[in-house]
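>>> Dropping a prediction and its sequence here:
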Amino acid sequence: MRLLVCGGAGFIGSTFVRRRLVDHGDDVTVLDKLTYAGRRENLDGVLDDIRFVHGAIEDQAAVAGAVSGCDAIVNFAAETHVDRSISGPEEFIMTNMQGTHVLLEAAREHGLRYLQVSTDEVYGSIDSGSFTEDSPLQPSSPYSATKTGADLLVFSYFHTYGLEALICRGSNNYGPRQYPEKLIPLMILNALAGDSLPVYGDGRNVRNWLYVDDFARGIGHTLAHGQPGEAYNCGGPEELENLEVVQRIIELTGADPALVEHVTDRPGHDRRYSLSSDKLKRLGWEPQVRFGEGLSQTVQWYRDNAWWWEPVRSGDYRDYYERHYGRALKV
Ligand SMILES: NC(=O)c1ccc[n+]([C@@H]2O[C@H](COP(=O)([O-])OP(=O)(O)OC[C@H]3O[C@@H](n4cnc5c(N)ncnc54)[C@H](O)[C@@H]3O)[C@@H](O)[C@H]2O)c1
């Protein structure tokens, strides 16, 4: 298949690109703006096997150049960090909504299949039970609101123009090459550096953890077997409180448990996410990696790949961290 992978230099997109090359022998073009979260290094070892286009999804000319000759578009490109969406929502609206619109127009013009990568955060928080694809959409942050807006636009292109459009909604991902502002790499790298481990509020927020390769396979499965006009949830096999995740990282890194520090909670912090993935499982997808195994592989990857994270921890991320947590990062 000839795929245009937008946002393919990010955490999940680069994992997806690797899998498509190895498992399917696809012809891949990556279109990526290379924001702070997107790095060519994420495609290390496969850059010679793909076509890389540096550009933004909201830029019609860049999209027109990248899409020619492709059979399908898979869109990962997004601003993705909830905390950044609270302090500055504008870029989220531009990339997540306007950018999706430009891609949908390109898919319509060329008659392409279109897969939108989305998130469990579109459903909001749930105290008990799990969200299905029929649950109401109740996003609570600017990040999740823009992802929800994009999902609704995708459905509208199916209903109005008959576009072969599908959505795959993942739960919280973890694994190699995740930018260190997100919970698991933040805690791993701080634990390895002997730095404090900042936990929001009481640390009892629950997330449904999904290993990144399992999500990459779920997205590929939806692309190949999903029905246009449908969304498919792709959730991980386990749910854990944040504090439990941090404790497991402390065990795996040998860090001092006294490094845990409870910090002021994120405004509007969703308490629990939980997805039912029965619809995607009926198509034949199953998560393969249990949390314990995936976390220990992830810790090992960060131990072995200081070349990847050292430039990040000593660059702009330091300023972001200091502004956000009100303290300097140890490097
Ligand atoms: N990380 C998770 O836990 C998770 C869970 C479910 C769904 N998702 C979704 O998966 C997708 C990928 O998430 P991720 O964690 O890999 O994100 P990421 O922040 O690591 O990567 C995003 C990528 O998009 C690129 N990008 C940003 N704005 C762009 C623009 N305007 N034009 C072109 N490229 C642009 C960045 O350079 C980067 O390479 C997102 O759509 C996100 O909403 C993420």
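Right, received. Where do you want to start?
>>> rest of the way, CA atoms for contacts and neighbours
Noted.
>>> so Gly268 sits right up against Pro139, yeah?
No - Gly268 is beyond contact range of Pro139, at 10.5 Å (criterion: CA atoms under 8 Å).
>>> which one of these two has more residues nearby?
Neighbours were counted for Gly268 and for Pro139 using other CA atoms under 10 Å; Pro139 has more, 20 against 9.
>>> Helix, strand, or coil at that one?
Three-state call for Pro139 (DSSP: H, G, I helix; E, B strand; the rest coil): coil.
>>> so it makes contact with Asp151?
No - taking contacts as CA under 8 Å, Pro139 lies outside contact range of Asp151: 11.7 Å.
>>> Now do the same contact list for the residue nearest to Leu153 when sequence neighbours are not counted.
With sequence-adjacent residues excluded and distances taken as CA to CA, 6 or more residues apart in numbering, Leu153 is closest to His101, at 7.3 Å. By CA atoms under 8 Å, 6 or more residues apart in numbering, the contact set of His101 is 58, 150, 153.
>>> quick one: which of those is nearest to Ser87?
Using CA to CA, Ala150 comes nearest to Ser87 of the contacts of His101, at 20.5 Å.
>>> Am I right that that closest one sits in a helix?
Yes - counting by three-state DSSP, Ala150 falls inside a helix.
>>> That one reaches Met97, doesn't it?
Yes - shown here, Ala150 and Met97 form a contact pair, counting by CA under 8 Å, at 5.1 Å.
>>> mind checking how far Ser130 is from the ligand?
16 Å (CA to the nearest ligand atom, to the nearest Å).
>>> same thing with Arg303?
19 Å.
>>> so what does the host helix or strand of that residue touch, helix or strand wise?
Assigned by DSSP states H and E, Arg303 belongs to helix 291-304. Counting contacts by 3 or more CA pairs under 8 Å, 6 or more residues apart in numbering; DSSP states H and E, helix 291-304 is packed against helix 183-193, strand 206-211, helix 242-253.
>>> and of those, who's closest to Tyr321?
helix 183-193 (10.1 Å).
>>> quick one: buried residues of the closest one?
Using 16 or more other CA atoms under 10 Å as the test for burial, helix 183-193 gives 183-192.
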